[in-house]
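Student: For reference, the sequence and a predicted model appear below.
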Amino acid sequence: MTRIWRKLKSNKAKKTLAAENAIQVEGSLYESLDENLNKLQSIYDECSDVIFRHFFISGKEKALLIYIEGMTNIEEIDNNVLSPLMQESEVLINDVKTMMEKKVPVSNIKEMKTFFDCVQEISVGNPVIIINGEKTGFSLGLSKWEKRSVEEASAEPVVRGPREGFVETILVNTSMLRKKIKSPVLKMHSMQIGRYTKTKVVIAFMEGIADKTLIEEVKNRLNRIEIDGVWESGMIEEFIEDNPYSPFPQVLATERPDVVTSNLLEGRVAILVDGTPFSIVVPTTIYSLLQSSEDYYARFLIGTAIRWLRYVFLVISLLLPSLYVAVITYHHEMVPTTLLISMAASHEQIPFPALVEALIMEITFEALREAGVRLPKQVGAAVSIVGALVIGDAAVSAGIVSAPMVMVVAITGIASFTIPRYSAAIAIRMLRFPMILLSGTLGLLGIMLGVITIVIHLCTLRSFGVPYLSPMAPTKLRDMKDVLIRAPWWKLNTRPHLTGEYNKYRQSSGQKPGPTKGDEK
Amino acid sequence: MNTISLKRAVNLMLTFSICLLTLFLTGCWDRVEINDLALVMATGLDKANDNNIELSVQLAIPKAMGGGQGMVGGHGGDKPTIVEKATGKTIFEAMSRLQEKVSRRIFWGHNEVIIIGEKLAREGIQRHIDFFTRHPSPRERSFVFVAKGKAIDTLKVIPDLERSSAEITRELANFKIGMSVTLKELVQMLIGNTRAAALPWIEVEREPENKMGLRVNGTAVFKKDKMVGRINDKVTRGVLWLRNEIKLSAVTFEPKGAEGQISFNLLRSHTELIPKIENGKWKITAKVVTEDDVVENETKLNLMNPKIVKEIEKQLEQEIDDRILMTVKLVQEEMEADIFGFADAFYRHYPDQWSKVKDQWDEKFPEVEVDIKSNAYIRRPGMSTSPQGIPENEVKGK
């Protein structure tokens, strides 16, 4: 036993891999072009996509152009860089800086002194020019790569609301935010994460609305991350969570710019990661995971009703199968007589106990759902046909499961799809299985035990210091306007307490519309 | 620091998983699958030889009873219920004997009706009631009936309209046409001040031929826990008026000076018992306030005329008074059992005097003077105003 202990300890001992394998690129540029060329060629050894192009400036001075194929706008280089520079000219301008200013019609030109800078610029696709006899190189902002066009957010569709969703390119994403919030108060703090991938990560927040300590905390947690590569925000999410072992997501992942915008205005902080359409919003609460952006675009009465529908179905998706199992195996007296008799009738030839029956059906349903997500679209239709047979009529007439159980599983499935955030829905769906086991062993008592455990766990959760159940626990009556109901927009005067207290008022009060308002008589 | 917290975390996990695993040690000991249950729909209690009791139960056959997909084979000929019986010294002993015959666990949780045979009822029911209140599964809200003849005969009835005789009795009790008494109410009656109880009386009806049905036909009156007699349907209505339990009532009479009958349908009614002791004379005033609709008018009277309505209201009051008084007379003189709850009314208003006569209440009860003061209101003349099918000029009281 002790041996296992020690082994565990030694394995878990923290290993610092500070830039152990990262290639060291150091030193300033040399004066001689050949030396620079040698160094760069050794850095980019066996990189067939890096192009070295020699040319003469005005037919006299030797120069070198380096760029990565496919990440650079070659047409622009040909027309606006090479052709003016290579043009024969009698007068040679001695000062390279002035020469670049006079001859190269490119808006974004940066000077570089070190190899590190060079490599950085080349990596992001900017072509670099190094001239013989000069210790300064120039990078030209002419990067250009293939990117997906802005499309509808496929994971969070709405009926009414903006259709655009984030794309994989972070510059497009930040521009979409900037387009929505046209104020310099929207700050975008940029940083790089990933030893090799050097992924660009942007922390977006509203200065003067977001709490400064929160911004600091986000920056700190992101700076702490030390990883070789990042290509999805989910990886960052796991590094910055408060409680890593919880099944519940403690950040809000969204691919909708309007969701990010509204959260920014409530004093939260968004983290955008290059290479993924999903951005992260922190801190979050369980209630914001149960809200859809459409709640705010529909009429408020309907928004409220839909929100309550979701709360009800949240409970159903967590508890319905376990309640059914508990009642059918332990608490027969709780069912109305007539219903019990028809349940007994349909159960008459089922070989399995209700617990096993429920597990079979639930697992099959989960498998079907997973298969439906993973399969190529062309095969998708086959899955739904087979699925309808498996958890439908065929299973009942084969006498493997009873008809009420099929109903229960189907209702539960639909219920779990009403939760608008996939990550929250899947947490609830996962918790369903321990609940079924508990109900199958201890009946309703077991369900209560399970529910109490889950509630206690939710109470202990925090997301960047904000209690997960706020404003319900700790109770803040003022914030119930956006939890129990969706108050009309002219009543949503204050920002949420825990994230918006820094700048409390969203709008002035007394904006309820009516015929007496205005100058009409 | 790091290792310590790791150790703690592992310890916590271990403790937690041990706690979790203990849950499964119970091993689902009281798990009963729904298809291993024999659902008791109704229970019958009859007297057997040698002071024994005969327990009969009506068990539901889900295959035949429940609809839906589970049904196999040809239905129609299948009986939805079966009746099994066994005898024993106590009900539980009889039930254990019964279990020997029934392949599924007998489950009392859905027992809706308890039917007591007449013979057993006359001998006393108290000692048999105990099982149903002490055992955890039977419901205290099941209805109790007294059957004419043997209780098992009512259970054996396979009705045409409902699925089982248990359902008929339950529905009849819910209608509250006659008395409807649950087990809990019965126990309360037995321990109450009145020392009397009343249970609905149920009979097997074989009219018309080859049809089987049940009928609630009057009330069995109990003194202490022994049945002393039965009152008929009409008298039962009076009991219901006095007990403030009347829900459905149809009153029909012929108004003075008119040809034909008028029928009234009861909307709601409230009865208040006001006790009074004057000069050693015990007196009860029953204040009855009823509201009625006219549902049938055979006469030529115009019921839109307030004067006529007032007149009819008075006659209606008289009619109700007569009905109640008839009941009071019968119960007071023949049964001498206080099934109206007069004892409670006196106990509440005159606790001192009550405690003096407490033990002689049986003798005192027939001497109590009863006065009925009813107020009837006719709320609506129905969907038509004037008498139908009569020329305008023949209508009285235009």
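Tutor: Right, received. Where do you want to start? None of these values were measured; they are calculated from a predicted model. Numbers count the residues shown, from 1 in each chain, chains lettered A, B, ... in the order given.
Student: so residue B:300 sits right up against residue B:386, yeah?
Tutor: No - using CB atoms under 8 Å, residue B:300 is not in contact with residue B:386; the gap is 9.2 Å. The way it works is simple: take the backbone N, C-alpha and C, and place the C-beta from them, glycine included.
Student: between the two, what contacts are shared?
Tutor: With contacts taken as CB atoms under 8 Å, 6 or more residues apart in numbering or on different chains, residue B:300 and residue B:386 have residue B:395 as neighbours in common.
Student: Who has more neighbours out of those two?
Tutor: Neighbour totals were compared for residue B:300 and residue B:386, and residue B:386 leads with 18 against 15 (other CB atoms under 10 Å in any protein chain shown).
Student: where in the chain is pLDDT low?
Tutor: In the absence of a named chain, this looks at chain A. Low-confidence regions of chain A, defined here as pLDDT under 70, cover residues A:1-24, A:90-93, A:518-521.
Student: The intended chain is chain B.
Tutor: Along chain B, the parts satisfying pLDDT under 70 run over B:1-4, B:23-29, B:66-78, B:398.
Student: domain parsing for it?
Tutor: Under the assignment named as automatic domain parsing, the residue ranges that make up the domains of chain B are B:34-68+B:76-231, B:233-398.
Student: Would you mind giving both backbone torsions of residue B:146?
Tutor: For residue B:146, the backbone dihedrals are phi -110, psi 130 (criterion: degrees, to the nearest 10).
Student: which residue sits closest to it in space, ignoring its chain neighbours?
Tutor: Closest residue in space to residue B:146, ignoring its immediate chain neighbours: residue B:220 at 3.9 Å, by CB to CB, 6 or more residues apart in numbering or on different chains.
Student: ok, and that neighbour, which helix or strand is that part of?
Tutor: Taking DSSP states H and E as the definition, one finds residue B:220 inside strand B:213-223.
Student: and after that strand, which helix or strand comes next?
Tutor: Taking DSSP H and E as the definition, the helix or strand right after strand B:213-223 is strand B:226-231.
Student: ok, back up a step: most tightly packed of the domains of chain B?
Tutor: Among the domains of chain B, domain B:34-68+B:76-231 has the highest mean neighbour count (mean count of other CB atoms under 10 Å in any protein chain shown), at a mean of 19.
Student: Find the closest residue to chain B in chain A.
Tutor: The nearest approach of chain A to chain B comes at residue A:345, 2.7 Å away (CB to the nearest CB).
Student: Confirm that residue sits in a helix?
Tutor: Yes - when the secondary structure is assigned by DSSP: H, G, I helix; E, B strand; the rest coil, residue A:345 falls within a helix.
Student: quick one: it and residue B:65 touch, right?
Tutor: Yes - if you go by CB under 8 Å, residue A:345 and residue B:65 touch, sitting 6.7 Å apart.
Student: which stretches of chain B form strands?
Tutor: Using DSSP state E, the strands of chain B run over residues B:37-47, B:53-60, B:81-88, B:105-107, B:113-117, B:143-147, B:196-205, B:213-223, B:226-231, B:250-253, B:262-278, B:281-297, B:369-380.
Student: Now stretch B:287-304 - C-alpha only, CSV.
Tutor: Output of stretch B:287-304 as CSV, limited to C-alpha atoms (Å, rounded to 0.1, in the frame of the first residue of the first chain):
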residue,chain,number,x,y,z
LYS,B,287,-80.5,25.0,10.4
VAL,B,288,-80.6,23.9,6.8
VAL,B,289,-79.8,26.3,4.0
THR,B,290,-80.2,24.9,0.5
GLU,B,291,-80.0,26.3,-2.9
ASP,B,292,-81.8,24.6,-5.8
ASP,B,293,-82.3,24.7,-9.5
VAL,B,294,-85.5,23.8,-11.2
VAL,B,295,-84.9,21.1,-13.7
GLU,B,296,-88.4,20.0,-14.5
ASN,B,297,-91.7,21.8,-14.4
GLU,B,298,-94.8,19.9,-15.3
THR,B,299,-97.2,22.5,-14.0
LYS,B,300,-98.5,25.7,-15.7
LEU,B,301,-96.8,27.9,-13.2
ASN,B,302,-94.6,30.6,-14.5
LEU,B,303,-91.4,30.3,-12.6
MET,B,304,-90.2,33.8,-13.6
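Student: gap between that stretch and the chain center?
Tutor: 29 Å (CA atoms, centre = their mean, to the nearest Å).
Student: just stretch A:437-455 next, same as before
Tutor: Counting by CA atoms, centre = their mean, stretch A:437-455 is centred 33 Å from the centre of its parent chain.
Student: residues in contact with stretch A:319-334?
Tutor: Outside of stretch A:319-334, the residues that reach it under the criterion CB under 8 Å, 6+ apart are A:335, A:340, A:343, A:347, A:353-355, A:358, A:362, A:404-405, A:408-409, A:411-412, A:415, A:432, A:435-436, A:438-440, A:443-444, A:446-447, A:450-451, B:28, B:30-34, B:37, B:107, B:109-110, B:137, B:139.
Student: Can you point out the buried residues in it?
Tutor: Buried residues in stretch A:319-334, counting neighbours by 16 or more other CB atoms under 10 Å in any protein chain shown, are found at A:319-330, A:332-333.
Student: One more: stretch A:378-395?
Tutor: Of the residues in stretch A:378-395, those buried under the neighbour-count criterion (16+ other CB under 10 Å) are A:383, A:387, A:390, A:391, A:395.
Student: how about it against chain B, any contact?
Tutor: No - contact of stretch A:378-395 with chain B (CB under 8 Å from any CB of the partner chain) is absent, the minimum separation being 8.6 Å.
Student: List the contacts of that stretch.
Tutor: Residues external to stretch A:378-395 that are found in contact with it (CB under 8 Å, 6+ apart): A:361, A:364, A:365, A:368, A:371, A:372, A:375, A:401, A:406, A:409, A:410.
Student: Switch these over to TSV; also include distance to chain B, neighbour count and secondary structure.
Tutor: Formatted as TSV, the entries for the contacts of stretch A:378-395 read as follows, by distance: CB to the nearest CB, whole Å; neighbours: other CB atoms under 10 Å in any protein chain shown; DSSP: H, G, I helix; E, B strand; the rest coil:
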residue	distance to chain B	neighbour count	secondary structure
A:361	15	24	helix
A:364	18	16	helix
A:365	19	21	helix
A:368	21	18	helix
A:371	26	16	helix
A:372	26	13	helix
A:375	30	13	coil
A:401	11	27	coil
A:406	9	20	helix
A:409	15	23	helix
A:410	15	14	helix
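Student: What is the nearest of the residues you listed to residue A:133?
Tutor: Nearest to residue A:133 among the contacts of stretch A:378-395 is residue A:375, at 61.0 Å by CB to CB.
Student: Okay, the closest residue to that closest one other than its chain neighbours and residue A:157: tell me how far apart.
Tutor: Taking CB to CB, 6+ apart, and ignoring the residues beside it in sequence, residue A:375 has residue A:383 as its nearest neighbour in space, at 5.8 Å. Look at residue A:383 and residue A:157: by CB to CB, to the nearest Å, they are 21 Å apart.
Student: Secondary structure element holding residue A:161?
Tutor: Remark: residue A:161 resides in no helix or strand, with elements defined by DSSP H and E.
Student: quick one: contacts for it?
Tutor: When contacts are taken as CB under 8 Å, 6+ apart, residue A:161 is in contact with A:258, A:293, A:294, A:297.
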